[in-house]
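Asks: please work out how this folds:
(2 chains, ligands or ions: 2)
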Amino acid sequence: MTESSTQPLAIETKQLTKIYGSGNTEVVAMQDASMQVKQGEVVALLGPSGSGKSTFLTAVGLINPPTTGQVIISGQRVLEGPNAYGNLRTFRRQHIGFIFQKSNLIPFLTALENVQIALQLNGETPVASRSRSLELMDYLGIADRVNNLPSALSGGQQQRVAIARALANRPSVILADEPTAALDSHRGRQVMELFSQVAHEQSAGVIVVTHDQRSLDVFDTIYEMEDGKMQRQKQNSSSKNAQ
Amino acid sequence: MNLATKDIRYNFGRFALTTVGVGMLLMVVMGMGGIYRGLIEDATLLIDRIGTDLWVVQRDTRGPFAEISRVPSSLVHRTLSVPGVQLAREFVYHTVQRERNGKPLRISVLGLSWPTDKGKWIPLTAGRHLAQSHYEMIADESLGMPLGEKITLGKETYTVVGITSSMISASGDGIGFFSVADAQAIQFDVPGEAVRLERAARESRGNRIDLTSIQPSLLDNAVRPAAELPQIPRPQASAVMVTVVPGTSVQQVADIISAWGDVSVFSRSGQRDLLLMGNVEKVKRQIGLFRILLTVIAGVIMALILYTSTLDKIHSIALLKLIGASNLTILGLILQQALLLGSLGFGVAYLLGSQMFPNFPRRVILTDYDLWQLAGIVFAISIASSLLGIWKAMKVSPNEALS
Ligand SMILES: Nc1ncnc2c1ncn2[C@@H]1O[C@H](COP(=O)(O)OP(=O)(O)OP(=O)(O)O)[C@@H](O)[C@H]1O
Ligand SMILES: [Mg+2]
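Replies: Ligands and ions are numbered 1, 2, ... in the order given. Have a look, this model is predicted:
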């Protein structure tokens, strides 16, 4: 590790536990999950279905607060159990790009507008937000579909619009829940490489939940979840970033 | 980026249909107000146009508009002798229903006191005022009688020489203006048979008294003109209108005349109040109630529509919150749609209304005041009706975007 140790971590979670329900319907979806992601680091999160990956990701994304544990983003403590420090919605808008397991677009906005809205909510001008959106969508190969409504796009195209929206604000944290499930292997790899590129260019911390074994070489670190427990698996030796 | 208009664009059909529906409802509310204004206008129009100072009517009646009043024609001369009276005119007013081309024709017959009053105060849209004391009339255009049309009323035939507009009686019938003598002839027309019967009755009564056997020529009285037959009523006026010499106290003149035992006196505003508080008051409350009801219904419908359209958007709203939209953005989305719905509905109401209201059988008057008032009400119900949707949207948790 050659990075300066004084640099704050992009993401740090301390012993996140999430318990759904109570009594005999109680489900411990996540237990003492801790993780540290440095700026510029790209993390893959693996694990079988129902192991708590989405639960972890939404907790880090400040969408679904944990029952106990801390979430620290860019050195700032944001969540302590279910208690928030500051306005979570503003924090999300400024710092976090989230790509959901199911593509999640606003049906009454065109593809372009779906990306633009994220920028404009953050105070970007219409002109600037438009060119930034077009640039991203061009890279993701959906430039010819910008004026279509989500209902007229294929699943993979919708997912790419969602990726463009998540990256639009140059967030310091990117959280992606199986972003490539609906994509062919070529596109899937391209998206993973985009995450890695963005992570390095913007010094962002990236966590990607994936089942795609073929793209694992793109990641710096691999974690695995099993029955709600987090385990750091290995430093990825084949990663181009590994020194 | 305006989310409200983008959502409307997406759901355009539904929004357009809703707007038209709300618009038609508001049109009815608007029309109700207009009908009320028209009613007041019609009721008081004649009183205002005639513009006389005092109305002298049959004692203890509220005539001649609110109820029937009968005063002798000679009352004109009596009132003229009161100091301070500049002008006294007979007012003859009654409604006849005849048939024209197989359809009922209702004419409110109004007598003009020829030659002092030739109807110069009547605004004409065509033709001329009365130029002779008999057999001419000025017709309101709602009667549908063209210039030059001849109509037989009683024993005489009258020619339409002038057309006026919006001269309507309180009950909504078009007014026909005649000279007083003609108006009375129409009102008190006695069929020939009635005259012959009265003469016969007179003669048989005469035969029963001794005097006629001594002086048979007295029986000649029995064949005198109809107007002189005692059993057949003498033409009477409905009221006498008095104009006071400028500078004289109207109250003083009114006091003198009302001291007479056979008449009551009303000022112009008194006469207006009689009409407005009597006939129109109940209608006003009735229409007012309907307006309130319809406005509430419009509000409830708008609230329902905005609420369901918010429910349809719950996922989008959750997603917007997820990507960091503030509550103000969400509130703006719903409120703007509500206001747009309200104002477009109002526009539809106005456009449809101004096309349709002129074809209504009675007058519908849209005053600026009423329109502004309704606009204010629509604004208020737009906001109020969006509250339910806003409340729902505020409660939505960002998590709902994930399910
Ligand atoms: N809202 C909820 N209420 C109750 N239990 C829940 C809820 N959400 C998730 N769970 C449970 O928590 C556990 C973890 O779910 P999670 O969605 O995190 O799994 P996952 O690893 O993302 O699975 P997948 O790979 O299928 O997406 C599961 O057993 C799930 O049933
Ligand atoms: Mg999942």
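Asks: what residues of the lowest-mean-pLDDT helix or strand in chain B count as buried?
Replies: Confidence across the helices and strands of chain B bottoms out at helix B:211-214, with a mean of 77, counting by mean pLDDT, DSSP states H and E. By neighbour count, and taking 16 or more other CB atoms under 10 Å in any protein chain shown as the criterion, the buried residues in helix B:211-214 are residue B:212. C-beta here means a position set from N, CA and C on the backbone, and glycine is covered the same way.
Asks: how about whatever residue of chain A ends up closest to ligand 2: what's its closest non-neighbour residue?
Replies: With distances taken as CB to the ion, chain A approaches ligand 2 most closely at residue A:54, which sits 3.1 Å away. Leaving out its chain neighbours, the residue that sits closest to residue A:54 by CB to CB, 6 or more residues apart in numbering or on different chains is residue A:177, at 5.6 Å.
Asks: would you mind confirming that the one you found makes contact with residue A:55?
Replies: No. Taking CB atoms under 8 Å as the contact criterion, residue A:177 and residue A:55 are not neighbours in contact, 10.5 Å apart.
Asks: can you give me the distance of the residue nearest to residue A:54 to residue A:58?
Replies: Residue A:177 sits 8 Å away from residue A:58 when distances are taken as CB to CB, to the nearest Å.
Asks: quick one, helices of the chain?
Replies: With no chain named, the answer covers chain A. According to DSSP state H, chain A carries its helices in the segments A:53-60, A:88-95, A:111-121, A:126-139, A:155-168, A:185-202.
Asks: I was after chain B.
Replies: Assignment of helices within chain B using DSSP H yields the ranges B:3-10, B:12-50, B:75-80, B:180-187, B:192-208, B:211-214, B:250-258, B:268-275, B:281-312, B:314-322, B:327-356, B:368-395.
Asks: among those, which comes closest to chain A?
Replies: With CB to the nearest CB, the closest approach to chain A among the helices of chain B belongs to helix B:3-10: 3.4 Å.
Asks: tell me the buried residues in the closest one?
Replies: Taking 16+ other CB under 10 Å as the neighbour-count basis, helix B:3-10 is seen to contain the buried residues B:3, B:4, B:6, B:7, B:8, B:10.
Asks: does any part of that helix sit near chain A?
Replies: Yes. Legend: contact between helix B:3-10 and chain A by CB under 8 Å from any CB of the partner chain is shown at B:3, B:6, B:7, B:9, B:10.
Asks: my guess is the fourth one meets residue A:108, correct?
Replies: Yes. Under the criterion of CB under 8 Å, residue B:9 is in contact with residue A:108, at a separation of 7.2 Å.
Asks: tell me where the stretch 51-200 of chain B is predicted with low confidence.
Replies: In the predicted model, the stretch 51-200 of chain B carries no residue with pLDDT under 70.
Asks: give me the residue from it nearest ligand 1.
Replies: Using CB to the nearest ligand atom, residue B:172 is the residue of the stretch 51-200 of chain B that sits closest to ligand 1, at 68.1 Å.
Asks: how about that residue: what's its closest non-neighbour residue?
Replies: The shortest distance from residue B:172 to any non-neighbouring residue, by CB to CB, 6+ apart, is to residue B:362 (4.9 Å).
Asks: the one you found: what's it in contact with?
Replies: Residue B:362 makes contact with B:35, B:38, B:39, B:42, B:172, according to CB atoms under 8 Å, 6 or more residues apart in numbering or on different chains.
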